[in-house]
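Peer 1: Using only what follows, build the 3D model:
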Amino acid sequence: MTEAETAREADASPRPVKLSLPTLTAMVVGSMVGAGVFSLPSRFAEETGVAGALIAWSIAGVGMLMLALVFQTLAVRRPDLDAGVYAYAKAGFGEYLGFFSAFGYWASACVGNVTYWVLIMSTVGAVVPALGEGDTVLALVLSSIGLWGFFLLIRRGVKEAAAINRIVTVAKVVPILVFIVLALFYFKVDVFAENFAGEDYAGSLFSQVRGTMLATVFVFLGVEGASVYSRHAKRREDVGRATLLGFLSVFAVFASVTIVSYGIMPMSEIAELRQPSMAGVLEHAVGTWGKVFVSVGLIVSVLGAYLAWTLMAAEVLFVAAKDDDMPRFLRRATPADVPVPALLMSSLLSQVVLIVTLFSEDAFNFALNLTSSLSLIPYLLAAAFAAKIAWPRRPPDAGPRRGRTGVLATLYTAFLLFAAGLKFVLVSFILYAPATVLFVMARREQNRRLFSPRELVILVISVAGAVIGVVALAVGWIHL
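Peer 2: Sure, this is the predicted structure:
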């Protein structure tokens with residue numbers, strides 16, 4: 001056997017585990033229903049009243065529906081592309097931007113996992129003061145133990161982890177639905193009416209809507225879950241179906257949780273609740289048992305979402321490495337189809353961000369907003385790719401064009417970048433620019449030219465953004 005054949009055999013991955021439509025749908029729902037839904041009441045009340053919330057959910061619903069349709073369309077039109085978000089960016093705009101998309105999506109998943117541990121510790125912190133709001137040394141130690149415990153669980157195999165996720169998805173949706181029903185039962189029309197405008201408390205309607213945009217991005221992260229795991233689908237068409245089924249069901253739940261909360265207590269009081277604010281709302285309505293009920297549901301929900309996101313984060317690095325866009329060591333997998341080096345890197349980044357939260361003014365909201373910001377570039381590139389392939393040159397009488405979905409999704413994600421503000425865009429660059437080291441390692445392994453002229457321009461922009469971000473942090477222009 002030649003050295004080349006030996007290398008190919010060593011790099012060959014095991015046959016992927018195949019997942020059914022219900023399991024793929026559970027991956028989507030499990031990815032989206034996590035920490036975000038339990039923080040929605042106070043996140044919205046800090047920014048807007050009922051009117052602004054309805055507008056924000058309308059914009060987010062239409063925008064994310066466009067993104068869901070984008071992933072459904074691309075799954076059918078480009079079945080050759082696996083790991084969705086990353087693969088679409090690479091196919092549409094070149095290897096370097098594809099690498100940025102892969103890294104950004106992966107980093108977003110890892111930072112998002114940190115919010116889960118912070119929220120769990122904050123929840124328990126209501127009983128154990130030493131945990132604070134998830135940002136104390138003790139909270140860091142316990143979160144780290146949980147993080148590496150999940151690493152060992154997932155290392156056992158993708159099939160086992162996916163099965164656990166399907167069970168946990170059902171278990172965690174039940175408490176949220178119970179919250180909605182109970183909130184409707186204790187709903188007060190006069191309180192709801194007082195919270196409707198929200199202008200005296202939260203500013204102009206436009207500023208209210210803009211202020212909620214990152215919150216809606218965070219809770220919808222995971223809509224692409226089936227697409228990311230497309231290489232495991234039994235049938236390719238199941239990827240699109242799972243995406244739409246998961247999105248529509250979760251959207252209805254998220255919007256309901258937000259709106260019914262305005263009928264329980266004044267928005268100024270909701271805004272002051274500690275996380276998870278859903279527990280505080282239900283406690284106000286039914287008493288202490290409501291807080292306990294939601295808190296238990298949160299822990300189950302968050303652990304399930306953590307499992308799904310850790311799987312997806314490792315999958316993105318693994319597929320990128322197989323496509324030679326990440327270093328080769330990341331393409332290794334066990335006979336149980338677990339990409340252990342990619343899983344290890346994901347856990348390490350989450351550990352680093354956990355440590356950073358000790359120095360943040362608001363650990364949960366910092367991690368949440370950074371997660372949303374990191375995901376916007378990958379989403380933007382995927383939407384733009386859908387618009388690009390749907391508008392080829394063709395005769396004028398060929399019928400209506402079908403690129404509107406991609407265009408609308410592109411405009412929506414561009415608006416989200418504006419809504420995010422300069423702070424989190426700069427912090428994102430601080431992560432993006434150093435990541436180029438991995439891209440350089442991959443190019444050197446292949447004995448290829450490191451950067452094309454176009455890629456050098458992108459590199460310069462990313463490094464400049466990172467430098468500005470570091471300076472802004474150093475002199476206090478922006479704060480964590």
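
Peer 1: quick one, helices of the stretch 151-300 of the chain?
Peer 2: 158-185, 189-194, 199-202, 205-220, 225-228, 237-261, 267-271, 277-286, 288-322 (DSSP state H, counting those that start in this stretch).

Peer 1: And these: which comes nearest residue 422?
Peer 2: helix 205-220 (13.1 Å; C-beta to C-beta). Just so you know, the C-beta spots here come from the backbone N, C-alpha and C atoms, and that holds for glycine as well.

Peer 1: got the angle between that closest one and helix 237-261?
Peer 2: Following axes from the mean of the first three to the mean of the last three C-alpha atoms, to 10 degrees, one obtains 130 degrees for the angle between helix 205-220 and helix 237-261.

Peer 1: Now tabulate the helices of the stretch 151-300 of the chain in a markdown table and tack on mean pLDDT and mean neighbour count.
Peer 2: Formatted as a markdown table, the helices of the stretch 151-300 of the chain follow (pLDDT from 0 to 100; neighbours: other C-beta atoms under 10 Å):
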| stretch | mean pLDDT | mean neighbour count |
| --- | --- | --- |
| helix 158-185 | 71 | 18 |
| helix 189-194 | 86 | 13 |
| helix 199-202 | 56 | 16 |
| helix 205-220 | 72 | 23 |
| helix 225-228 | 53 | 30 |
| helix 237-261 | 80 | 22 |
| helix 267-271 | 86 | 19 |
| helix 277-286 | 87 | 23 |
| helix 288-322 | 79 | 23 |
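
Peer 1: and these as CSV, adding distance to residue 88?
Peer 2: Shown next, in CSV, are these (distance: least, C-beta to C-beta, whole Å):
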stretch, distance to residue 88
helix 158-185, 22
helix 189-194, 42
helix 199-202, 37
helix 205-220, 18
helix 225-228, 9
helix 237-261, 13
helix 267-271, 38
helix 277-286, 34
helix 288-322, 12
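
Peer 1: tell me the contacts of residue 415?
Peer 2: 63, 213 (C-beta atoms under 8 Å, 6 or more residues apart in numbering).

Peer 1: What helix or strand is it located in?
Peer 2: Assigned by DSSP states H and E, residue 415 belongs to helix 404-420.

Peer 1: Could you pull out the buried residues of that helix?
Peer 2: Buried residues in helix 404-420, counted by 16 or more other C-beta atoms under 10 Å: 405-410, 412-413, 416-417, 419-420.

Peer 1: closest to residue 275 among those residues?
Peer 2: For those, the nearest to residue 275 is residue 420 (20.5 Å; C-beta to C-beta).

Peer 1: Can you find the helix or strand of this structure with the lowest average pLDDT?
Peer 2: Here the helix or strand of the chain ranked lowest by mean pLDDT, DSSP states H and E is helix 3-11, holding a mean of 43.

Peer 1: Give me the helices and strands touching the helix or strand following the helix holding residue 415, please.
Peer 2: Following helix 404-420 in sequence order, the next helix or strand is helix 422-432 (DSSP H and E). Helices and strands touching helix 422-432, by 3 or more C-beta pairs under 8 Å, 6 or more residues apart in numbering; DSSP states H and E, are helix 95-125, helix 363-390, helix 453-475.

Peer 1: Quick check: mean pLDDT of the second one?
Peer 2: Which is helix 363-390. For helix 363-390, the mean pLDDT works out to 79.

Peer 1: roughly how far is that helix from the heart of the chain?
Peer 2: Centroid separation for helix 363-390 versus its chain: 9 Å, with C-alpha atoms, centre = their mean, to the nearest Å.

Peer 1: need the contact list for residue 94.
Peer 2: Going by C-beta under 8 Å, 6+ apart, the list of residues near residue 94 reads 454-455.

Peer 1: sorry, back to before: could you export the buried residues of helix 404-420 to a markdown table, including columns for pLDDT and distance to residue 149?
Peer 2: Listed next are those as a markdown table, based on pLDDT from 0 to 100; distance: C-beta to C-beta, whole Å:
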| residue | pLDDT | distance to residue 149 |
| --- | --- | --- |
| 405 | 77 | 41 |
| 406 | 77 | 41 |
| 407 | 83 | 44 |
| 408 | 84 | 42 |
| 409 | 83 | 37 |
| 410 | 85 | 40 |
| 412 | 84 | 37 |
| 413 | 83 | 35 |
| 416 | 78 | 34 |
| 417 | 77 | 36 |
| 419 | 71 | 36 |
| 420 | 70 | 33 |
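
Peer 1: Name the nearest of the residues you listed relative to residue 107.
Peer 2: Among those, and counting by C-beta to C-beta, the member closest to residue 107 is residue 420, at 15.1 Å.

Peer 1: Let me know whether that closest one touches residue 376 as I believe.
Peer 2: Yes - contact criterion C-beta atoms under 8 Å: residue 420 and residue 376 qualify, at 6.6 Å.

Peer 1: that older thread, closest to residue 385 out of the helices of the stretch 151-300 of the chain?
Peer 2: Per C-beta to C-beta, nearest to residue 385 of these: helix 225-228, 12.3 Å.

Peer 1: and residue 57, how many residues sit next to it?
Peer 2: Applying other C-beta atoms under 10 Å, we find 20 residues neighbouring residue 57.

Peer 1: Determine the set of other helices and strands touching whichever strand or helix holds it.
Peer 2: Here residue 57, judged by DSSP H and E, is contained in helix 50-77. Helix 50-77 sits against helix 84-93, helix 205-220, helix 225-228, helix 237-261, helix 363-390, helix 404-420, with contacts defined as 3+ C-beta pairs under 8 Å, 6+ apart.

Peer 1: mind running it again at 7 Å?
Peer 2: Applying 3 or more C-beta pairs under 7 Å, 6 or more residues apart in numbering; DSSP states H and E, one finds that helix 50-77 contacts helix 205-220, helix 237-261, helix 363-390, helix 404-420.

Peer 1: could you dump those to TSV with distance to residue 66?
Peer 2: Below are the helices and strands packed on helix 50-77 laid out as TSV (distance: least, C-beta to C-beta, whole Å):
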stretch	distance to residue 66
helix 205-220	12
helix 237-261	11
helix 363-390	7
helix 404-420	4
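
Peer 1: For residue 346, list the residues it contacts.
Peer 2: Neighbouring residues of residue 346 by C-beta atoms under 7 Å, 6 or more residues apart in numbering: 106, 110, 310, 313-314.

Peer 1: And the most centrally placed residue in the chain, how far from residue 457?
Peer 2: For the chain, residue 221 is the residue whose C-alpha lies nearest the centre (C-alpha atoms, centre = their mean; 3.4 Å). In this view, residue 221 and residue 457 are 29 Å apart by C-beta to C-beta, to the nearest Å.
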